[in-house]
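Visitor: Let's see this in three dimensions:
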Amino acid sequence: MATTLSNFSTALQIGAVATSVVTSVNGEKKYIGQLTLTNTAVTAVEVHLYKIDDSETETSGSGGNWLIKRTVQPSKTWNVMGDIGNLVLAGAQKLTVVAGTADVINAECSGTVES
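Guide: Below is the predicted model:
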């Protein structure tokens with residue numbers, strides 16, 4: 001198996017609907033080593049992070065399938081991996097983010113791909 005370093009997303013602006021940060025396909029594993037979300041707005045913005053199968057749809061609220069949520073303060077960066085540890089996407093999974101305000105949260109994500 002080959003393992004390569006990869007930038008999954010660079011300066012990706014997160015929408016108010018699910019925005020894919022990284023996806024995996026059958027036969028590969030993606031190890032998320034770094035994920036940061038930066039709030040470029042002048043107000044706090046709540047974000048939801050989802051790790052789900054490609055066939056699933058993101059659902060928020062009580063009983064939702066989100067992994068973690070946080071309010072990111074203005075001009076601050078949230079180091080997501082510092083809060084949740086390691087993440088692995090195994091074949092046909094995706095990591096998506098939804099922001100309470102569109103186009104003010106920037107995502108940076110990198111890691112390794114094993115195929």
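Visitor: C-alpha from now on. contacts and neighbour counts both.
Guide: Will do.
Visitor: Adjacent strands (with direction) for the worst-scoring helix or strand of the chain on mean pLDDT?
Guide: Using mean pLDDT, DSSP states H and E, the weakest-scoring helix or strand in the chain turns out to be strand 3-14, at a mean of 90. Sheet pairing here is set by DSSP bridges, and for strand 3-14 it gives strand 105-114 (antiparallel).
Visitor: re the thing from before, which is the succeeding secondary structure element to the least confident helix or strand of the chain?
Guide: As assigned by DSSP states H and E, the chain's next helix or strand after strand 3-14 is strand 19-23.
Visitor: Buried residues in the least confident helix or strand of the chain, which are they?
Guide: By neighbour count with 16 or more other Cα atoms under 10 Å, strand 3-14 contains the buried residues 8-9, 12-14.
Visitor: Would you mind extracting the C-alpha trace of that strand into PDB?
Guide: Provided in PDB are the C-alpha atoms of strand 3-14 (Å, rounded to 0.1, in the frame of the first residue of the first chain):
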ATOM      1  CA  THR A   3       0.900   6.400   1.500                       C
ATOM      2  CA  THR A   4       1.100  10.000   0.300                       C
ATOM      3  CA  LEU A   5       0.800  13.400   2.000                       C
ATOM      4  CA  SER A   6      -2.100  15.500   0.600                       C
ATOM      5  CA  ASN A   7      -3.700  18.900   1.000                       C
ATOM      6  CA  PHE A   8      -7.400  18.000   1.000                       C
ATOM      7  CA  SER A   9      -8.700  21.600   1.200                       C
ATOM      8  CA  THR A  10      -7.000  25.000   1.100                       C
ATOM      9  CA  ALA A  11      -8.800  28.200   1.900                       C
ATOM     10  CA  LEU A  12     -12.200  26.600   1.200                       C
ATOM     11  CA  GLN A  13     -15.100  28.800   2.200                       C
ATOM     12  CA  ILE A  14     -17.800  27.000   4.100                       C
END
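Visitor: Now do it: everything it contacts.
Guide: 21-22, 97-99, 102-115 (Cα atoms under 8 Å, 6 or more residues apart in numbering).
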